[in-house]
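Trainee: One predicted model, sequence on top.
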Amino acid sequence: MLAIALLFQIGAFAGTYEDLLHAIELDDQRTISELLKRGADPNTVDARGDSLLMLAARSGKPAVVKAILAFRPNVNAQNSLGETALMLAALNGRSDIVGLLLAAGAAVNQSGWTPLMYAAVNNHSDVARQLLGRGALVNATAQNGTSALMMAAREGHLQMVLLLLEHGADVNYTSAFGYNALRVAKERGRNEVADVLIRAGAIPW
């Protein structure tokens with residue numbers, strides 16, 4: 001009888017999880033709220049470690065994000081890649097979701113890759129401004145020594161480069177591997193960005 005009860009519970013959980021995923025896909029915040037009220041765990045994760053909040057942030061569903069936040073999930077949970085919901089929202093330029101997450105206590109700074117770096121790689125200046133306004137460390141570096149300025153320079157995002165420099169980005173920071181913003185800009189043929197970096201004081205290598 002115990003084995004049957006456990007199988008029933010596992011099956012019920014699987015069904016509830018599928019319902020949650022479907023509700024996120026449909027942007028159905030009402031169903032999300034109902035399922036969470038019935039006891040579904042707001043910190044449930046998939047095989048990659050993505051929480052419901054991460055899935056909603058990645059798919060750009062602010063109403064669903066708000067519904068999940070009402071049940072106080074771990075807003076700073078990380079998936080298997082070390083990503084948070086805030087990082088995923090920043091990567092996709094969802095300033096509305098970024099605002100919701102920040103208001104709920106999402107960490108702007110963390111070790112390794114940061115939300116600011118994710119905003120920089122896709123040139124989401126509005127999100128970068130939000131993060132910098134909340135204390136994002138402009139010179140933070142990832143595990144491989146990459147900075148937000150290096151990411152922006154690599155992708156040729158001139159306006160992002162200018163924004164980061166305006167907020168104190170170190171134009172001559174060089175990683176342990178010998179890379180800096182100017183070098184990555186030159187190697188990728190981002191000549192306009194390279195010229196701006198040199199005018200800002202970058203030392204040619």
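Mentor: That came through fine.
Trainee: rest of the way, CA atoms for contacts and neighbours
Mentor: Will do.
Trainee: give me every residue that touches the residue nearest in space to the middle of the chain.
Mentor: The residue lying closest to the centre of the chain (Cα atoms, centre = their mean) is residue 87, at 0.7 Å. Residue 87 is in contact with 114, 115, 116, 118, 119, counting by Cα atoms under 8 Å, 6 or more residues apart in numbering.
Trainee: what does residue 184 give?
Mentor: If you count contacts by Cα under 8 Å, 6+ apart, residue 184 has them with 150, 153, 154.
Trainee: Residue 39 - how many residues pack around it?
Mentor: By other Cα atoms under 10 Å, the residues close to residue 39 number 9.
Trainee: From residue 132, how far out is residue 78?
Mentor: Noted for residue 78: a distance of 21 Å to residue 132, by Cα to Cα, to the nearest Å.
Trainee: Could you do residue 194 as well?
Mentor: Residue 194 sits 23 Å away from residue 132, going by Cα to Cα.
Trainee: Look at those two and report which has more neighbours.
Mentor: More crowded of residue 194 and residue 132, by other Cα under 10 Å: residue 194, with 25 against 17.
Trainee: how about the strands in this protein?
Mentor: In the chain, no segments count as strands under DSSP state E.
Trainee: domain parsing for it?
Mentor: By the assignment in automatic domain parsing, the chain contains the domains 1-107, 109-205.
Trainee: can you redo those domains as CSV with mean pLDDT?
Mentor: CSV is the format used below for the domains of the chain (pLDDT from 0 to 100):
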stretch, mean pLDDT
domain 1-107, 88
domain 109-205, 97
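Trainee: can you pull the contacts of residue 51?
Mentor: 42, 43, 44, 45, 77, 79.
Trainee: what's the burial count for the third one?
Mentor: By the measure other Cα under 10 Å, the count of residues near residue 44 is 14.
Trainee: measure it to residue 101 for me?
Mentor: According to Cα to Cα, residue 44 and residue 101 sit 18 Å apart.
Trainee: same thing with residue 95?
Mentor: Distance of residue 95 to residue 101, given as Cα to Cα: 10 Å.
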